[in-house]
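**Student:** turn this into a model:
(chains A and B)
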Protein chains: 2
Amino acid sequence: MPYRAPISDYEFLFRNVIGFDQIAATEKFSEASDDVVSAILTEAGRMCEEIMAPLQRPGDLEPARLENGVLRTSPGYAEGWKAIAEGGWIGMSGDPEYGGMGLPMTMTTAVNEMMSAACLSLQLAPLMTQGQIEALEHHASDELKALYLPKMMAGEWSGTMNLTEPQAGSDVGALTSKAEDNGDGTYSVTGQKIYISWGDNDFAKNVCHLVLARLPDGVPGTKGISLFLVPKYIPDENGNPGVANDLKVVSLEHKMGLHGSPTCVMQYDGARGWLVGKEHGGMAAMFTMMNNARLGVGGEGVGVAEGAYQHALAYALERKQGKTPSGTIIDHADVRRMLMSMRADVFAARAIMLANAAAIDMAQATGEADWAARAALLTPICKAFGTETGMRVSETGVQVHGGMGFIEETGAAQYYRDVRVTAIYEGTNGIQAMDLVARKMMDGGEAASNLLDEIEDQAEKARATMPELAGPVWEASESLREATEWIVAQSDMNNRFAGASAYLKAFARVLGGHYHLSAALADPDGPRAKLARYYINALLPEHSGLLAQAQNGADDLYALSAEELAV
Amino acid sequence: MPYRAPISDYEFLFRNVIGFDQIAATEKFSEASDDVVSAILTEAGRMCEEIMAPLQRPGDLEPARLENGVLRTSPGYAEGWKAIAEGGWIGMSGDPEYGGMGLPMTMTTAVNEMMSAACLSLQLAPLMTQGQIEALEHHASDELKALYLPKMMAGEWSGTMNLTEPQAGSDVGALTSKAEDNGDGTYSVTGQKIYISWGDNDFAKNVCHLVLARLPDGVPGTKGISLFLVPKYIPDENGNPGVANDLKVVSLEHKMGLHGSPTCVMQYDGARGWLVGKEHGGMAAMFTMMNNARLGVGGEGVGVAEGAYQHALAYALERKQGKTPSGTIIDHADVRRMLMSMRADVFAARAIMLANAAAIDMAQATGEADWAARAALLTPICKAFGTETGMRVSETGVQVHGGMGFIEETGAAQYYRDVRVTAIYEGTNGIQAMDLVARKMMDGGEAASNLLDEIEDQAEKARATMPELAGPVWEASESLREATEWIVAQSDMNNRFAGASAYLKAFARVLGGHYHLSAALADPDGPRAKLARYYINALLPEHSGLLAQAQNGADDLYALSAEELAV
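**Tutor:** Residues are numbered from 1 along each chain as shown, chains lettered A, B, ... in the order given. Got it, this is the predicted structure:
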């Protein structure tokens, strides 16, 4: 099923929904005119359509494998990586001083979404590399930057993130990997890391690992962790890959999906590494990387949802069944219901994702704390709702296919299997929800309140022309405001956590209503207003049940003992 | 992860929630005393735990395969089938005249659920055979019954259902398979059928196919279809499998899950068959089989949900992560939220399933039309909500496992993959929803209204002792009543269909509240009341958003043209 890059959707969203003009009006991003945006997204979209999309099935059928310690990637992946690298898509938002294009994160986010729609397994490789670029830009020494950044931005070298250990998953602070100072500016890193996406490949000349480990004087917990850059090959004096470092891929995981992306168990045996950031300052550096990775993973969910939607729509348009005006199943109300829900939710999740990226850009361009707070607030919502949308839409995509959806040949099942991990990695969606109600509410709910003010301002203005859409959005926002105040008032954090997942989803529902309303206002007689009407009438009402759950507190959850939870 | 049969849950539900005492009080089922029920369910449970559960993984790892036209089933499946057959579990509710046990469908449904929790792929074989037994009991000639039924009930022979053809899925009436009268009491059946679950095996001495085909004078559409019994081996004069019939398995599908169950493309080339029911009366006979198969598939969803829940709970009890009182993740509020939601929904879906089966038993034992109407009303709800619960709970089960959930070795992913098809086969969940708002509302909503009366009666009585639980259930029921009246008032069927899926789910939510309230009343200070409180406070509120969608009508769905649905 050919993937078509949704360029017109991005153009519409940039122009009418997420306020990209603000970004282009800053000095930092003054080159990002409408024309430039369209040209660049179109070029990226073509690469996704023509080069990446054909790699989706081969990666599933012929997974990456380990042969005598050498990692062999899926057929065509090396060429795919080359196209991504040569297009400049890895360093799109990278610092121009080191070979990046310096473009807004909003654009990179759109390109990343298209790449994940076309071929999620391969897209994860540049995404991890981008995360590393970001961490190095912010925390590495000038020497490390000069050596590594240009090669990573050009895709000559690739990057990975090494956090997890068997006993240290969501609780990163429990890690036991060790590092020792060699006294020559380098460190020896030892330990085992698991779930390392793209821990190795056969297309980049070097694979650079960012590894969290503890120095001898590091205190237990997250405050004693440092971050090290540990390359597969130690660069020689000319900056070329030299001798092999003391690290290896021990094994690959056998996963439900994402087969084209090798998920590695990595072993470091006194591997030589370089400190990134300060000693014991590893978590701060890692968070730089993780925050944008969370936005990126949310975008993966949106991308897979778009791919699954297009796939299901194409099937519905050609599958003849039953007596309908067109002769195909597209005319059945329940099939329409599925397609409209998919499309309306993809729009909502994409708008949230782009608004998140736009806030990052504005924070970077203006230095204003309000923008940074907006970005921080939106990140967990983008990650959890984007990936939840990926799961729901790909599940519905299978359903649209009927029996064919369960057969692997159609490809509908692959979206469903592949996207499942996005709700888990980069912090499970439960962790995102806890982040939202705890860390992101340490301001007493101010950032949330500011956003709700904007939502209600727009709804107020829209009452005159679109009362039947504006009213429900305004009311939903008010309900969300009450729930936010309830959450902030809970000093027992478990009361917040108990309803966190429901609260996050309700927040996304309301934001979806807001952005759909923006779209309707910009296109009052067009298809986007019709889509907005469906979303607001049929999907937005879900927020009320979610907010009831969000404010239920923890008592019910702990009413049953562990024994009583068993049969 | 060892599966434990939830016997105490069944005993509690039989006694306190679904009114099994009514069934045992009928003459037909007078032998089904509490002791008998407990003994039989316990014995079946042991078989599921000890024999079937160990077959779950092997079936996934070593799928059924076709070798030179011979079907080879997964390791251990032949022994598993033998245990099911020898336990008498296939003919549990079969007519004693032909070797069945004549036990209530309620008991069979519980046993089928346990079998599907233990090993869904294998369970589908007896389930299909039961469907055939039922169709033959109601529609076959005495000669066919005498020859086939005892062998099928004993598991000597197995049975399949052949409806679907490539161009005839949900629209069965479009089938093109043909049958011709041989003039000797037999027919020649020709055509290709797809998605035939357990279309062949290597453990039953004969495989008996019920095949829908059209006689030369059959009109187009469903009214021209007849049903034929077409055995793999034609019985000889002693009733033993004789010469091979002109049929074969062409190929097996490569599916996302359920690998242990061979899904066959079947080819019939003038195969000899016997008419079941009247000429052109095939759909009526098929519906007999399908109705109980829908109950059975709903039960498959419940069973997989139970299996996935137990699996996730065991993981949560042993996985150490973060600082919690127990040291394991079971103490985290969001993990609790997942486990409580899983358990509360399994209880609701199981109660709906058993209430459905109980209505079938009462209809059979009393001949009362009200019971038949109750069973007919509950069947689509049981099928769709049971399988939806299977999907949601297995998805959450993966989430509880974190990164491990995406790794196949844990088994969590298998539940998620296997159960996906249950929302599709035996009539997609969309078809169930359409059945509910159309066919099952041809009585003007009377059967639904009668059920809502019961719900509100119980809630009224419960107000005195449990006002905080009774109130929300009563109010939710009233909202559902209003929505039902709205649906019945729609003469444009598309207005009904547009909201059908949401309406069905809301109905299930309200029924869940009702049965949880029954449980709380029976166990006011125990764990079941605590579980009911969580369900009613946190999950029941979902009904309001669903009912808004249910009453939104079709206009929004058709507002976008097919072109506008595309990018």
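**Student:** how about A:Leu212, secondary structure?
**Tutor:** Secondary structure state of A:Leu212, per DSSP: H, G, I helix; E, B strand; the rest coil, is strand.
**Student:** what's the burial count for it?
**Tutor:** 27 (other C-beta atoms under 10 Å in any protein chain shown). In this view, the C-beta of every residue, glycine as well, is placed from N, C-alpha and C.
**Student:** if I look at it, how far off is chain B?
**Tutor:** A:Leu212 is 16 Å from chain B, where distance means C-beta to the nearest C-beta, to the nearest Å.
**Student:** need the per-residue pLDDT for that residue.
**Tutor:** Note on A:Leu212: pLDDT of 97.
**Student:** surely it meets A:Ala174?
**Tutor:** No. Assessed by C-beta atoms under 8 Å, A:Leu212 is found out of contact with A:Ala174, at 11.2 Å.
**Student:** list phi and psi for the residue minimising distance to the centre of chain A.
**Tutor:** For chain A, the residue nearest the mean C-alpha position is A:Val297 (1.7 Å; C-alpha atoms, centre = their mean). With angles defined as degrees, to the nearest 10, A:Val297 sits at phi -70, psi -40.
**Student:** for it, which non-adjacent residue is spatially closest?
**Tutor:** In this structure, A:Val297 finds its nearest non-sequential neighbour in A:Glu426, 4.4 Å apart by C-beta to C-beta, 6 or more residues apart in numbering or on different chains.
**Student:** the one you found: how many residues sit nearby?
**Tutor:** A:Glu426 has 27 neighbours, counted by other C-beta under 10 Å.
**Student:** cool, A:Ala154 as well?
**Tutor:** A:Ala154 has 17 neighbours, counted by other C-beta under 10 Å.
**Student:** show me the contacts for it.
**Tutor:** A:Ala85, A:Ile90, A:Gly91, A:Gly99 (C-beta atoms under 8 Å, 6 or more residues apart in numbering or on different chains).
**Student:** quick one: contacts for the last one?
**Tutor:** The reference is to A:Gly99. Neighbours of A:Gly99 in contact, by C-beta under 8 Å, 6+ apart: A:Gly91, A:Leu149, A:Pro150, A:Met153, A:Ala154.
**Student:** what residue in the stretch 1-150 of chain A comes nearest to chain B?
**Tutor:** Ranked by C-beta to the nearest C-beta, the top residue of the stretch 1-150 of chain A for proximity to chain B is A:Pro6, at 4.7 Å.
**Student:** how about that residue, phi and psi?
**Tutor:** Note on A:Pro6: backbone dihedrals following degrees, to the nearest 10 are phi -80, psi 60.
**Student:** could you list the residues of the stretch 351-500 of chain A in contact with chain B?
**Tutor:** Residues of the stretch 351-500 of chain A lying near chain B by C-beta under 8 Å from any C-beta of the partner chain: A:391, A:395, A:398-399, A:402-403, A:405-409, A:413, A:416-417, A:420-421, A:423-425, A:428-430, A:433-434, A:494, A:497-498, A:500.
**Student:** would you mind listing which of those are buried?
**Tutor:** Buried by 16 or more other C-beta atoms under 10 Å in any protein chain shown: A:391, A:395, A:398-399, A:402-403, A:405-408, A:413, A:416-417, A:420-421, A:423-425, A:428-430, A:433-434, A:494, A:497-498, A:500, out of those.
**Student:** so which of the residues you listed sit within strands?
**Tutor:** Among those, none falls in strands (DSSP state E).
**Student:** quick one, what contacts A:Leu175?
**Tutor:** A:Leu175 neighbours (C-beta under 8 Å, 6+ apart): A:Leu163, A:Glu165, A:Ala168, A:Gly191, A:Leu212, A:Ala213, A:Arg214, A:Ile225.
**Student:** by neighbours, which of the contacts of A:Ala154 wins?
**Tutor:** Top of the contacts of A:Ala154 by neighbour count (other C-beta under 10 Å): A:Ile90, with 29 neighbours.
**Student:** which ones are touching that one?
**Tutor:** A:Ile84, A:Pro126, A:Thr129, A:Gln130, A:Ile133, A:Met152, A:Met153, A:Ala154, A:Gly155.
**Student:** ok, now A:Glu388?
**Tutor:** A:Gly301, A:Ala423, A:Asn429, A:Lys505, A:Ala508.
**Student:** circling back to that earlier point, wait, doesn't the residue nearest to the centre of chain A sit right on A:Lys383?
**Tutor:** Yes. Applying C-beta under 8 Å, one finds A:Val297 in contact with A:Lys383, separated by 5.6 Å.
**Student:** overlap in contacts of those two?
**Tutor:** A:Glu426.
**Student:** in a strand, A:Lys248, correct?
**Tutor:** Yes. Assessed by three-state DSSP, A:Lys248 belongs to a strand.
**Student:** now do the contacts for it.
**Tutor:** A:Gly69, A:Met266, A:Gln267, A:Asp269.
**Student:** got a pLDDT number for it?
**Tutor:** On the pLDDT scale, A:Lys248 is placed at 98.
**Student:** gap between it and chain B?
**Tutor:** A:Lys248 is 20 Å from chain B, by C-beta to the nearest C-beta.
**Student:** what's across from that residue in the sheet?
**Tutor:** A:Gln267 (DSSP bridges).
**Student:** what of the one 4 residues further on?
**Tutor:** When assigned by DSSP bridges, A:Leu252 has beta-bridge partners A:Cys264.
**Student:** hang on, isn't it packed against A:Leu66?
**Tutor:** Yes. At 5.4 Å, A:Leu252 counts as touching A:Leu66 under the criterion of C-beta under 8 Å.
**Student:** for those two, indicate the residue with more neighbours.
**Tutor:** More crowded of A:Leu252 and A:Leu66, by other C-beta under 10 Å: A:Leu252, with 20 against 16.
**Student:** for chain B, what is the nearest residue in the stretch 101-250 of chain A?
**Tutor:** Residue nearest to chain B within the stretch 101-250 of chain A: A:Asp171 (4.5 Å; C-beta to the nearest C-beta).
**Student:** surely that residue and B:Gly322 touch.
**Tutor:** Yes. Using C-beta under 8 Å, A:Asp171 is in contact with B:Gly322, at 4.5 Å.
**Student:** surely A:Glu86 meets A:Gly155?
**Tutor:** Yes. Taking C-beta under 8 Å as the definition, A:Glu86 is a contact partner of A:Gly155 at 7.3 Å.
**Student:** quick one, which of these two is more surrounded?
**Tutor:** More crowded of A:Glu86 and A:Gly155, by other C-beta under 10 Å: A:Gly155, with 24 against 12.
**Student:** report the secondary structure state of that one.
**Tutor:** For A:Gly155, the assignment made with three-state DSSP gives coil.
**Student:** check contacts around it.
**Tutor:** A:Trp81, A:Lys82, A:Ile84, A:Ala85, A:Glu86, A:Ile90, A:Pro126, A:Thr129, A:Ala204.
**Student:** so who does the residue in the stretch 151-300 of chain A that chain B sits nearest to touch?
**Tutor:** The minimum distance from the stretch 151-300 of chain A to chain B, using C-beta to the nearest C-beta, falls at A:Met256 (4.0 Å). Listed by C-beta under 8 Å, 6+ apart, the contact partners of A:Met256 are A:Arg417, A:Arg420, A:Val421, B:Phe406, B:Ile407, B:Glu408, B:Ala413, B:Tyr416, B:Arg417.
**Student:** surely the second one meets B:Tyr416?
**Tutor:** Yes. With contact taken as C-beta under 8 Å, A:Arg420 and B:Tyr416 are classed as touching, separated by 7.2 Å.
**Student:** overlap in contacts of these two?
**Tutor:** A:Met256, B:Glu395, B:Val398.
**Student:** what's the closest of those to B:Arg46?
**Tutor:** B:Val398 (28.3 Å; C-beta to C-beta).
**Student:** buried ones in stretch A:251-261?
**Tutor:** Across stretch A:251-261, burial judged by 16+ other C-beta under 10 Å covers A:Leu252, A:Glu253, A:Lys255, A:Met256, A:Gly257, A:Leu258, A:His259, A:Gly260, A:Ser261.
**Student:** relative to B:Ile407, how far out is the third one?
**Tutor:** Okay, so that is A:Lys255. 6 Å (C-beta to C-beta, to the nearest Å).
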